[in-house]
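K.L.:
Any chance you could fold what I've pasted below:
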Amino acid sequence: MPAVSKGDGMRGLAVFISDIRNCKSKEAEIKRINKELANIRSKFKGDKALDGYSKKKYVCKLLFIFLLGHDIDFGHMEAVNLLSSNRYTEKQIGYLFISVLVNSNSELIRLINNAIKNDLASRNPTFMGLALHCIANVGSREMAEAFAGEIPKILVAGDTMDSVKQSAALCLLRLYRTSPDLVPMGDWTSRVVHLLNDQHLGVVTAATSLITTLAQKNPEEFKTSVSLAVSRLSRIVTSASTDLQDYTYYFVPAPWLSVKLLRLLQCYPPPEDPAVRGRLTECLETILNKAQEPPKSKKVQHSNAKNAVLFEAISLIIHHDSEPNLLVRACNQLGQFLQHRETNLRYLALESMCTLASSEFSHEAVKTHIETVINALKTERDVSVRQRAVDLLYAMCDRSNAQQIVAEMLSYLETADYSIREEIVLKVAILAEKYAVDYTWYVDTILNLIRIAGDYVSEEVWYRVIQIVINRDDVQGYAAKTVFEALQAPACHENLVKVGGYILGEFGNLIAGDPRSSPLIQFNLLHSKFHLCSVPTRALLLSTYIKFVNLFPEVKTTIQDVLRSDSQLKNADVELQQRAVEYLRLSTVASTDILATVLEEMPPFPERESSILAKLKKKKGPNTVTDLEEAKRERSADVNGGPEPAPASAASTPSPSADLLGLGAAPPAPVGPPPSSGGLLVDVFSDSPSAVAPLAPGSEDNFARFVCKNNGVLFENQLLQIGLKSEFRQNLGRMFIFYGNKTSTQFLNFTPTLICSDDLQTNLSLQTKPVDPTVDGGAQVQQVVNIECASDFTEAPVLNIQFRYGGTFQNVSVKLPITLNKFFQPTEMASQDFFQRWKQLSSPQQEVQNIFKAKHPMDTEITKAKIIGFGSALLEDVDPNPANFVGAGIIHTKTTQIGCLLRLEPNLQAQMYRLTLRTSKETVSQRLCELLSEQF
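P.N.:
Down below sits the predicted model:
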C-alpha cells in the first residue's frame with residue numbers, strides 16, 4: 001500500500017471530529033452534525049465543481065457521521081466519482097464509502113461495477129487490491145454474478161502479483177461462501193491447486209483456505225491437492241525457524257499455514273500413493289516429536305502456536321484412523337496435557353481423547369489414563385472441563401472398566417453442577433445397561449441413581465428399568481426385594497415409588513414368603529407414600545393395589561376399603577376417580593379366574609430403540625453427532641473384552657442374550673422386492689423410488705476398510721455422515737446404520753433403500769426397519785438391519801440414500817460392507833490337527849493361492865490384528881516358520897458349515913505376500929482369498 005503523503009491529511013475532517021468529541025450533550029452533537037450535513041449538501045449541489053481532495057474530505061465526513069449512527073441519504077454519487085480517480089487516497093475513500101453504505105439494491109450498482117471492472121483490468125496491483133477488497137466486503141449475489149467469472153482468471157494468471165493473488169483467493173472464498181451456485185467450476189480449478197507450490201507463503205495460505213472450502217463441496221475436483229499439501233507441509237515442519245523468517249511466529253514456522261494444510265487433508269481419506277502416505281506419516285511424526293522437545297520460548301504465544309499445529313495434526317490422525325502407532329502416540333501426548341497447568345489445554349486434551357477413544361487402535365491407550373480423568377472429575381474447578389471428563393469416561397467405558405466408571409460417575413453426581421446432572425444420569429443409565437454382566441448390579445445402580453439425583457431421572461430411565469426387569473426372569477426376585485428395602489427409607493423420591501409400585505405389583509409374590517415382606521406389609525409400605533405423590537404416581541399405585549388383589553387374596557378386603565373411601569371414589573381428579581370405581585367393581589364382581597386373566601403378569605416388552613439413547617442425542621444438541629462417534633467407537637469383543645454380540649432375531653420376546661439396549665423396534669419389515677420392481681430394487685419405504693445414483697467416490701476403498709472391522713464411518717461428505725456398528729454370530733448378524741445430518745438445515749423425504757441382486761437375495765436375507773423421513777439439522781437417525789446368511793455369496797448390497805436438502809435433490813449410493821467373512825467363527829487348533837486337516841483339503845478345487853505385492857508397510861502386529869479382524873483364529877506356534885501367519889475358522893450359513901484354513905507367508909525382502917486358503921468349497925476359498933488379499 002503506498003504511503004500517504006503529508007498533504008493528504010484532511011484538516012477539516014480532524015476539526016469536525018474534534019468538535020463532535022467536545023460536544024457536551026447529545027443535542028449539541030446532533031446540532032453540529034446537522035450543520036455539517038447542510039454544509040456538505042450545499043457544497044455537493046453548488047455550481048462550483050469540487051476537486052478530488054474536497055470530495056474525499058466531505059465523503060469522509062459523511063462516513064464518520066454514518067458510523068456515529070446517523071442516516072446518510074446523499075453523497076453516494078460523489079463517492080462513486082472518487083472511484084475513477086487516479087490517486088490512491090481518493091480511490092480508497094470511495095471504495096470504503098461504498099463498502100459501508102451502498103446496498104445491493106442501489107441504482108448505482110451498475111456504475112460501481114463498471115468502476116471495479118476498470119480497476120481489475122488496469123493491472124495496477126494497488127487498484128486491483130482495492131477493487132477485490134470492495135467485492136469481498138460487499139459480498140452480495142450481485143457482486144458474485146458480476147465478478148465470479150473474472151476473479152478466478154486473475155487468480156491463476158501468470159503475471160498477477162503475489163499481493164493481488166492473495167486478495168483474489170480470499171475474495172473468491174467470500175463469494176463462494178455467500179453464493180456457491182454462482183461460482184463456476186472450470187479449468188481454473190486444476191490450476192489453482194498448484195498455488196500450493198507458490199514461493200510466496202501468503203499466497204499459499206490464502207489459496208489453502210480457498211481450496212479447503214471448495215474441496216468440502218467438490219472433493220473430486222481438488223483431490224490432486226492432497227499430494228501438494230503433503231509436500232508443502234513436509235517442507236514447513238522440517239524447516240528451521242530461521243528458514244521462514246517472515247512467517248515464523250515465536251520460533252514456530254508458519255503455524256497458520258500448517259493448521260490450514262492439516263485441515264485441508266481432513267477433507268480426504270488417507271492418501272493411496274504409498275510415497276505420499278509415507279511422507280505424511282513422517283510429517284505427523286515430526287510434529288509429535290517437536291511437541292516433546294523443550295520449548296524454545298517461555299512466552300505463551302510460542303506454546304499456543306506450537307499446540308495449535310499439534311492439535312490439528314492429532315485431528316488428522318484421528319480422521320484417518322489408519323495408523324495405530326500414530327494414534328497411540330497422539331493419545332500419549334494428550335495424556336501429558338491432562339495434567340497441564342493451562343486449563344484450555346486440559347479441556348482440548350479431554351475433548352480430543354473422547355474422539356480417540358472411538359478408534360479400535362487407540363482405545364486401549366486411552367483407557368490407561370482413566371485414573372487421571374477420574375482425578376480431573378473430582379478436582380477441576382472449571383465446570384466445562386469436568387463435563388469433558390464425564391464425556392471421556394463415557395467414551396472409554398467398556399466391559400472391563402464399566403463398574404469403576406459408573407461408580408465414579410455416581411460419586412461425582414452427588415456434587416455435580418446442576419447444568420450437567422441430567423446428562424450424567426442418562427450416561428450412567430446407558431452404561432449400566434450396556435455393560436451389565438450381573439443384572440443385580442444394574443438394578444442397584446439405577447436405584448442408587450434415583451436416590452442421588454431423582455429429580456434428574458427422566459421417565460425414559462425408569463421405564464427402561466421396568467422393561468429390563470420384566471424381560472429377565474433371573475433378576476425379578478432380586479429387584480422386588482431391593483425396591484422393597486429402598487422404599488423403607490423415611491424419604492423416597494417419587495421415581496423410586498413409581499419403580500417400586502410397578503415391580504411389587506408384578507413380582508411382589510416372589511418375596512411374600514418372607515414375614516418381613518408379607519403382602520400386608522408391602523401394601524402398607526406403598527400406601528404410606530400415596531398421599532405424598534403426584535396424580536400420575538397415585539394412578540400407578542392404584543393399579544398396583546388391584547394387582548395385589550389378584551396376587552394376595554388375603555389383603556383384598558383392606559384394598560377394597562381403600563378404594564371405597566371417599567378420597568378415592570369422590571376424588572377431584574377424574575382419572576383417579578375412574579380407576580378407583582372400576583378397580584373396586586372389578587374386585588367385587590369378577591371371579592378368581594377372571595381376575596387372574598385380566599390382571600395376569602405383564603408379558604415381556606418387545607425389542608425397541610432405547611429411549612434413553614434417543615434422549616441423550618437430543619440433549620447433546622446439534623453441536624455433536626454423538627452416536628456416529630459412538631458407532632465408530634464400538635469395538636469387537638476381541639479388542640476390548642466387550643460382550644459377545646447377540647444374534648439378530650425377529651422374535652418379539654427377547655432372550656437373555658438379546659441386545660441390552662433394545663436397539664430395534666416393532667416387527668422388522670422383510671427386505672424384498674416390491675411387486676413392480678422386477679426383483680432388483682429393494683425399497684424399504686417407497687413404492688416408486690427415483691433413479692439410483694452410481695457408487696459415491698471412495699465407496700470401494702471404504703468398503704475394503706470394513707472387511708476386517710465392524711464399526712466406523714462408512715461415508716462422509718459436507719452434508720451427510722453414515723456410521724456403522726455391526727455384530728455377527730454364526731450365520732446371523734445385526735447392523736446399526738447411523739445417518740448424521742452435518743448441516744443446520746433439515747433433510748426432507750429422507751429415504752434409505754437397500755439394493756440387492758436376485759442372486760444375493762437368494763443367499764442373504766436382510767430385514768430392516770424404517771427411519772424418520774425428516775432429519776433435523778445436526779441430528780441423526782438410526783436404522784437397524786437384521787442379517788441372515790443362507791448360503792455363501794460374493795456380491796455386497798448397495799445402500800442408496802435419497803433426500804431433499806434446501807430444495808435440492810440428493811442421491812448417494814455406497815456399498816454396504818456385508819461380506820462372507822463376517823460369518824466366520826474362529827476355531828482354535830493344535831499344530832497336528834491343523835496340518836492333518838490341511839492335507840485333507842488338498843484337492844485343486846479346495847485351494848486358492850495368491851501372490852501379491854504389499855500395499856501397506858509389513859508390520860507384524862497390524863497383520864495379526866487384520867487376520868483376527870477378518871474373523872479367523874490366529875494360531876500361534878503352528879507353522880514351522882515363525883514369520884508365517886496361520887488361521888482357522890468356520891463359515892456359518894443357514895444350510896451348511898464350511899471349514900476354512902489360511903496361511904499367509906510374508907517376504908520382507910521382496911515386499912511380497914503369498915496367501916493360501918483351503919476350504920471345502922471352491923467359491924468360498926476364492927471369495928475369502930480376494931477379500932483378505934486386499935487388506936495387505
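
K.L.:
What's the separation between residue 865 and residue 936?
P.N.:
According to C-beta to C-beta, to the nearest Å, residue 865 stands 12 Å off from residue 936. C-beta coordinates here come from the backbone N, C-alpha and C atoms, glycine included.

K.L.:
cool, and residue 535?
P.N.:
Distance, residue 535 to residue 936, using C-beta to C-beta: 66 Å.

K.L.:
And residue 63, by the same measure?
P.N.:
Residue 63 is 67 Å from residue 936, by C-beta to C-beta.

K.L.:
Tell me who's in contact with residue 851.
P.N.:
In this structure, residue 851 makes contact with 912-915, judged by C-beta atoms under 8 Å, 6 or more residues apart in numbering.

K.L.:
If any of these are buried, give me the PyMOL selection for them.
P.N.:
Of the contacts of residue 851, the buried ones go into a single PyMOL selection, burial set by 16 or more other C-beta atoms under 10 Å:
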select buried, resi 913+915
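
K.L.:
Which of the contacts of residue 851 fall in strands?
P.N.:
912-915 (DSSP state E).

K.L.:
Could I get the residues you listed in JSON lines, plus columns for distance to residue 51 and pLDDT?
P.N.:
Formatted as JSON lines, the ones in strands among the contacts of residue 851 follow (distance: C-beta to C-beta, whole Å; pLDDT from 0 to 100):
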{"residue": "912", "distance to residue 51": "82", "pLDDT": "87"}
{"residue": "913", "distance to residue 51": "82", "pLDDT": "88"}
{"residue": "914", "distance to residue 51": "87", "pLDDT": "89"}
{"residue": "915", "distance to residue 51": "85", "pLDDT": "89"}
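
K.L.:
Now compare those and name the two farthest from each other.
P.N.:
912 and 915 (10.5 Å; C-beta to C-beta).

K.L.:
Give the intersection of the neighbour lists for those two.
P.N.:
851-852.

K.L.:
ok, back up a step: more neighbours: which of residue 535 and residue 936?
P.N.:
Legend: neighbour count by other C-beta atoms under 10 Å for residue 535 and residue 936, higher for residue 936 (19 against 12).

K.L.:
Quick check: the gap between the more buried one and residue 703.
P.N.:
Counting by C-beta to C-beta, the gap from residue 936 to residue 703 is 16 Å.

K.L.:
Could you list the low-pLDDT ranges of the stretch 51-200 of the chain?
P.N.:
Scanning the stretch 51-200 of the chain for pLDDT under 70 picks out 103-106.

K.L.:
Tell me where it has helices.
P.N.:
Counting by DSSP state H, counting those that start in this stretch, the stretch 51-200 of the chain has helices at residues 52-67, 76-82, 88-101, 109-121, 125-138, 141-147, 151-156, 162-178, 188-192.

K.L.:
of those helices, which approaches residue 250 most closely?
P.N.:
Nearest of the helices of the stretch 51-200 of the chain to residue 250, taken as C-beta to C-beta: helix 162-178 at 22.8 Å.

K.L.:
Now do the closest one: everything it contacts.
P.N.:
125, 128-129, 132-133, 135-136, 139-141, 143-144, 147-148, 151-152, 154-155, 160, 182-183, 192, 195, 198, 200, 202-203, 205-207, 209-210, 213-214.

K.L.:
Counting neighbours, which bits of it end up buried?
P.N.:
Across helix 162-178, burial judged by 16+ other C-beta under 10 Å covers 163-176, 178.

K.L.:
I'd like the ones in strands among the contacts of residue 851 laid out as a markdown table, including distance to residue 34.
P.N.:
Shown next, in a markdown table, are the ones in strands among the contacts of residue 851 (distance: C-beta to C-beta, whole Å):
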| residue | distance to residue 34 |
| --- | --- |
| 912 | 88 |
| 913 | 87 |
| 914 | 92 |
| 915 | 89 |
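
K.L.:
Go through these and name the one nearest residue 804.
P.N.:
Once C-beta to C-beta is applied, the member of the ones in strands among the contacts of residue 851 that ends up nearest residue 804 is residue 915, at 46.0 Å.

K.L.:
where's the closest one relative to residue 540, distance?
P.N.:
Distance, residue 915 to residue 540, by C-beta to C-beta: 63 Å.

K.L.:
Then residue 848?
P.N.:
64 Å.

K.L.:
So which of the two has more stuff around it?
P.N.:
Taking neighbours as other C-beta under 10 Å, residue 848 and residue 540 compare with residue 848 leading, 21 against 18.

K.L.:
Any idea what that one is bridged to?
P.N.:
Residue 848 has these beta-bridge partners by DSSP bridges: residue 917.

K.L.:
you'd agree it is up against residue 924?
P.N.:
No. Residue 848 lies out of contact with residue 924 (C-beta atoms under 8 Å); the separation is 9.2 Å.

K.L.:
could you pull out the helices for the stretch 751-900 of the chain?
P.N.:
Along the stretch 751-900 of the chain, the segments classed as helices by DSSP H, counting those that start in this stretch run 758-763, 831-840, 860-870.

K.L.:
ok, so of the ones in strands among the contacts of residue 851, who is nearest residue 441?
P.N.:
Proximity of the ones in strands among the contacts of residue 851 to residue 441 was ranked by C-beta to C-beta; the top entry is residue 915 with 45.2 Å.

K.L.:
So residue 315 belongs to a helix, correct?
P.N.:
Yes. Per DSSP: H, G, I helix; E, B strand; the rest coil, residue 315 lies within a helix segment.

K.L.:
Below-threshold pLDDT in this structure: ranges please.
P.N.:
Filtered on pLDDT under 70, the chain yields the residue ranges 1-9, 47, 103-106, 241-243, 245, 607-692.

K.L.:
So if we follow the domain assignment, how does it break up?
P.N.:
Taking the TED database as the criterion, the chain consists of the domains 9-78, 397-598, 699-818, 821-934.

K.L.:
Residue 256 is nearest to which of the ones you listed?
P.N.:
Residue 256 sits nearest to domain 699-818 of all those, at 23.0 Å, using C-beta to C-beta.

K.L.:
Just the endpoints, please. Distance across the closest one?
P.N.:
Distance across domain 699-818, first residue to last, is 14 Å (C-alpha to C-alpha, to the nearest Å).

K.L.:
cool, stretch 768-784 as well?
P.N.:
End to end - C-alpha to C-alpha - stretch 768-784 spans 6 Å.

K.L.:
List the buried residues of it.
P.N.:
Across stretch 768-784, burial judged by 16+ other C-beta under 10 Å covers 768-769, 771, 775-776, 778-784.

K.L.:
where along the stretch 351-500 of the chain do the helices fall?
P.N.:
Using DSSP H, counting those that start in this stretch, helices in the stretch 351-500 of the chain cover 363-367, 370-379, 383-396, 402-413, 418-434, 439-453, 459-471, 473-486, 494-507.

K.L.:
Name the stretch among those helices that sits most buried.
P.N.:
Compared across these, helix 494-507 shows the largest average neighbour count, a mean of 24 (mean count of other C-beta atoms under 10 Å).
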